[in-house]
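Engineer: Output the structure for:
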Amino acid sequence: MNKQDIQMLYEYNRWANARILGAAAKISETQFLAPTTFPHGGLRGTLVHTLFAEWVWRLRWQGAAQNFRLKPEDFPTFASLKARWIEEELKLMAFVDGLTEKRLTAEFDYISTEGDPHRRVVWEAMAHLVNHGTQHRSEAAAMLTDLGQSPGDIDLIVFLNERPC
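Structural biologist: This is a model prediction of the structure:
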């Protein structure tokens, strides 16, 4: 995996997140906060989990330890979640833009949210994060579709077809 590939995947990640957040902006706060049977609760819980992953992995890649999780209760409204997401997206994309080929292939150590130590190659963890986001965006898309606000197709190939060359 090279820097150009990672940049493309993170541009896709940003695009797909924007589609989900755009659809979520059209539902009511009650719908945003409502519980569901999905693993992270409702839409808010699923989106907070996805945002938390982007935040915690960026911190890990930057060598900064974190000792708390973002929780749904931290975001009482959709607007509060979206504002935090935009802030994190800027930091994440700045990190991606600053990567070197050497850094992509370097190993880093981190402690999982379960407290276990791990060592991983940076590009592997970065690919994981995009894949993780795909899973939870799909869950969010299903919830939004049930609420009458489908985000449309969020496939990588759709992004590539829409992306200017």
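
Engineer: Ends of stretch 26-44, what's the gap?
Structural biologist: For stretch 26-44, the first-to-last residue distance is 14 Å (C-alpha to C-alpha, to the nearest Å).

Engineer: now do stretch 29-47
Structural biologist: Its first and final residues considered, stretch 29-47 spans 14 Å by C-alpha to C-alpha.

Engineer: Please state the offset of it from the chain centre?
Structural biologist: Stretch 29-47 sits 16 Å away from the centroid of its parent chain (C-alpha atoms, centre = their mean, to the nearest Å).

Engineer: So for it, what gets flagged as buried?
Structural biologist: Using 16 or more other C-beta atoms under 10 Å as the burial criterion, the residues of stretch 29-47 that qualify are 31-33, 36, 38, 40-47. C-beta here means a position set from N, CA and C on the backbone, and glycine is covered the same way.

Engineer: Quick check: helices, which of these are part of them?
Structural biologist: Using DSSP state H to define helices, the subset of those located there is 31-33, 43-47.

Engineer: Return the closest of the residues you listed with respect to residue 9.
Structural biologist: Nearest to residue 9 among those: residue 47, at 19.8 Å, using C-beta to C-beta.

Engineer: what's the average pLDDT for the longest helix anywhere in the chain?
Structural biologist: When the chain is scanned for its longest helix (criterion: DSSP H), the result is helix 122-146. Average pLDDT, helix 122-146: 97.

Engineer: Quick check: buried residues in that helix?
Structural biologist: Those would be 122-123, 125-126, 129-130, 132-134, 136-137, 139-141, 143-144, for helix 122-146 by 16+ other C-beta under 10 Å.

Engineer: Contacts for that helix next, please.
Structural biologist: Applying C-beta atoms under 8 Å, 6 or more residues apart in numbering, the contact partners of helix 122-146 are 1, 6, 9-10, 12-13, 16-17, 20, 23-24, 27, 36, 38-40, 42-43, 46-47, 49-50, 53-54, 57, 60-61, 96, 99, 103-108, 150-151, 154.

Engineer: redo that, cut-off 6 Å
Structural biologist: With C-beta atoms under 6 Å, 6 or more residues apart in numbering as the test, helix 122-146 has contacts from 1, 6, 9, 13, 16, 20, 23, 38, 43, 46, 50, 53, 57, 104, 106, 108, 151, 154.
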